[in-house]
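Undergrad: here is a sequence together with a model predicted from it:
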Amino acid sequence: MHDPLLSIEGLRTAYGPIEVLHGVDLIVNEGEIVSLVGANGAGKTTLMRCISGVQPVKAGAIRLAGEDLTRRPDHARAGLGIAHSPEGRQIFGDLSVAENLRLGGYHRTDDLGADLEEVYGLFPILRDKAALPAGGLSGGQQQMLAIGRAIMGRPKLMLLDEPSMGLAPVLVDQVLAVVKSLRDRGVTLLMVEQNAYAALSIADRGYVMEQGEITLSGAASELIADPRIREAYLGA
Amino acid sequence: MSELLQFLVSGLTVGAIYAAIALGFTLIYNASGVVNFAQGEFVVIGGMTAAALIGAGVPVWIAAPLAVVAGMLVGVALYRAAIRPAREAPLVSLIIITIGASIFLRGAMQAVFDKQIHRYDGFSGDAPLRVGGATILPQSLWIIGGSIAVFAFLAWFLNRTRAGRGIKATASNRMAAALVGINTGRAMNLSFALSAAIGALAGVLATPVTFTSYDVGVLMALKGFSATMLGGVGSPLGALAGGLLIGLIEAMTAGYISSDYKDASAFVVILLVLFLRPQGLFGARITERV
């Protein structure tokens, strides 16, 4: 059988002595949008940080298209095809918007011009502010910048942590539309969202995480309909 | 009039040395957020190494580059032995580590070299040139030219090269830099190496004019730091302008008031900057949104 694009087996990690992921298994197939939902503190962001390498792994394995990433340093992973738009956006605040976007393509050696145009096409406000320091953007604009920076890496797998955080409702729809359009362009996405309904509504599959473990998984349409999910995360 | 011209010349010469030290500060600050108080020691290592080699009969055109390399190696050693092991520590701890390193290096230089004052001949001789009533040592031109060359190199390096952009990004947000594929450890290593080389170069160029001994680094670091504050922390253009201005202010103070107050003038400038314009002349006001 074809290897999944991302496969995680038995992943454990800890902050100091406190273990926060207790053996997570998760798979993302090529071309999918997979949403990871769960309460605050469930370990969703930590899982994303393990995949991009900024959080060290204690046990288990992370494979990208079959290749073991677990011991690869964080800075090597962008070049292998992982782009991470992290929680809290983590933009380069004192550099210009255009510099931020170009840094998203740091590991690439080809011309970035076309991708820059693409990002400006998706988020026209970034073109207007291209020369300004990114730290002066509004929260929503910084969120677009973080997603745009991830696009510039031309990844195989994009990790989006709370892409709708701090956005006005109209912008949430815009960002979700961008996420769908990325999938149409061949990018595989793993997305963490507080807004579980929005996240599952555009996803193919979903995982529910509680206290450092996966407690439920399945097709996104089934999860949306599942009474346990509706009660816990969809406010229904 | 010729008096003013003479003060200008000596102010620019000393200022160019401060500018080179300030550029070294700027580079490490840009990569790590650390103000490296051992920066003055690199200047002394450059000057003392060159003096020892020239004293042993090595021609200056070999001794000067060797002294710069020596400074660079000490810079890398400082990063690997003292800064990198503590990289998770708060910034203030790292800054205190550099103060400790500066004390250690001063002691080491006493042991490796000696406690004497050293100088060697200027690169183009010591016969002063006369320009409009003022005299200029040919070495002054070397110093001023060297600082401008270092500035031009850094401006090009940080903005136009991949490694330089990596250093800027690492300084701005280390986690984000790692996420986009920048090897932040290598960026830090490189910035310490370059910064130390710049400091050592300043020492090599300055020693024929200012003389050197194992303990002049502290004052050099403080003057360079004043220049950095005046110009705006993190800005190469600010470092250059701040250095030259501090040199000029010192020369004018010494010439028109009293040379007793020469060193004090730099510190009065720091205080004024901190009170009136904390971001300096060219520093950006950084706004963060949360």
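TA: That came through fine.
Undergrad: could you find the closest non-adjacent residue to residue A:41?
TA: Using C-beta to C-beta, 6 or more residues apart in numbering or on different chains and skipping the chain neighbours, the partner closest in space to residue A:41 is residue A:211 (8.0 Å). For the C-beta atoms, the positions are set from N, CA and C on the backbone; glycine is no exception.
Undergrad: list the contacts of the one you found.
TA: A:22, A:41, A:42, A:43 (C-beta atoms under 8 Å, 6 or more residues apart in numbering or on different chains).
Undergrad: skip the chain neighbours and tell me the closest residue to the third one.
TA: Excluding the flanking residues, the one nearest residue A:42 by C-beta to C-beta, 6+ apart is residue A:209, at 4.4 Å.
Undergrad: in a helix, that neighbour, correct?
TA: No: counting by DSSP: H, G, I helix; E, B strand; the rest coil, residue A:209 is not part of a helix but strand.
Undergrad: give the burial count for residue B:264, as a bare number.
TA: Neighbourhood size, residue B:264 [other C-beta atoms under 10 Å in any protein chain shown]: 13.
Undergrad: can you give me the distance of it to residue B:226?
TA: Residue B:264 sits at a distance of 11 Å from residue B:226 (criterion: C-beta to C-beta, to the nearest Å).
Undergrad: same check on residue B:123?
TA: Distance of residue B:123 to residue B:226, given as C-beta to C-beta: 28 Å.
Undergrad: more crowded one of those two?
TA: Set side by side, residue B:123 and residue B:226 show more neighbours around residue B:226, with 27 against 16, by other C-beta under 10 Å.
Undergrad: may I have the phi/psi pair for the more buried one?
TA: The phi and psi torsions at residue B:226 (degrees, to the nearest 10) take the values phi -60, psi -40.
Undergrad: quick check, it in contact with residue B:265.
TA: No: applying C-beta atoms under 8 Å, one finds residue B:226 not in contact with residue B:265, separated by 9.4 Å.
Undergrad: any low-confidence regions in the chain?
TA: You didn't pick a chain, so chain A it is. Along chain A, the parts satisfying pLDDT under 70 run over A:1, A:234-236.
Undergrad: nope, chain B please
TA: Scanning chain B with the threshold set as pLDDT under 70 gives B:1, B:284-290.
Undergrad: now it against chain A: closest residue?
TA: Chain A sits closest to residue B:181 of chain B, with a gap of 3.1 Å, by C-beta to the nearest C-beta.
Undergrad: need the three-state assignment for that residue.
TA: Residue B:181 ends up coil, using three-state DSSP.
Undergrad: relative to residue A:81, how far out is it?
TA: From residue B:181 across to residue A:81, the span is 11 Å (C-beta to C-beta).
Undergrad: and for residue A:205?
TA: 20 Å.
Undergrad: residues of chain A that sit close to chain B?
TA: Residues of chain A found near chain B (C-beta under 8 Å from any C-beta of the partner chain) are A:52-54, A:73-79, A:83-84, A:86, A:90-95, A:99, A:102-107, A:133, A:135-139, A:142, A:149, A:153.
Undergrad: so of the residues you listed, which ones are in helices?
TA: A:52, A:74-79, A:99, A:102-104, A:139, A:142, A:149 (DSSP state H).
Undergrad: residue contacts, residue 148?
TA: I'll assume chain A. Contacts of residue A:148 (C-beta under 8 Å, 6+ apart): A:101, A:104, A:119, A:122, A:123, A:126.
Undergrad: wait, I meant chain B there
TA: Residue B:148 is in contact with B:16, B:240, counting by C-beta under 8 Å, 6+ apart.
Undergrad: let me see the ranges of the helices in the chain.
TA: Answering for chain A, as no chain was given. For chain A, applying DSSP H gives helices covering A:44-52, A:74-80, A:97-104, A:113-122, A:124-128, A:139-152, A:169-184, A:196-202, A:220-225, A:227-232.
Undergrad: ah, I was thinking of chain B
TA: For chain B, the helices defined by DSSP H occupy B:2-32, B:39-55, B:60-78, B:91-112, B:138-160, B:162-172, B:174-179, B:184-210, B:217-231, B:236-252, B:262-276.
Undergrad: just the buried residues of the shortest one, please?
TA: Using 16 or more other C-beta atoms under 10 Å in any protein chain shown as the burial criterion, the residues of helix B:174-179 that qualify are B:174, B:176, B:177, B:178, B:179.
Undergrad: Serialize those residues to a markdown table and add fields for distance to chain A.
TA: Formatted as a markdown table, the buried residues of helix B:174-179 follow (distance: C-beta to the nearest C-beta, whole Å):
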| residue | distance to chain A |
| --- | --- |
| B:174 | 10 |
| B:176 | 4 |
| B:177 | 8 |
| B:178 | 4 |
| B:179 | 5 |
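Undergrad: which two of those have the greatest separation?
TA: The span of those, defined through C-beta to C-beta, is set by B:174 and B:179 at 9.8 Å.
Undergrad: for the closest residue to residue B:23 other than its chain neighbours, what are its contacts?
TA: Nearest residue to residue B:23, sequence neighbours excluded (C-beta to C-beta, 6+ apart): residue B:239, at 4.6 Å. Going by C-beta under 8 Å, 6+ apart, residue B:239 touches B:19, B:22, B:23, B:25, B:26, B:151, B:227, B:228, B:231.
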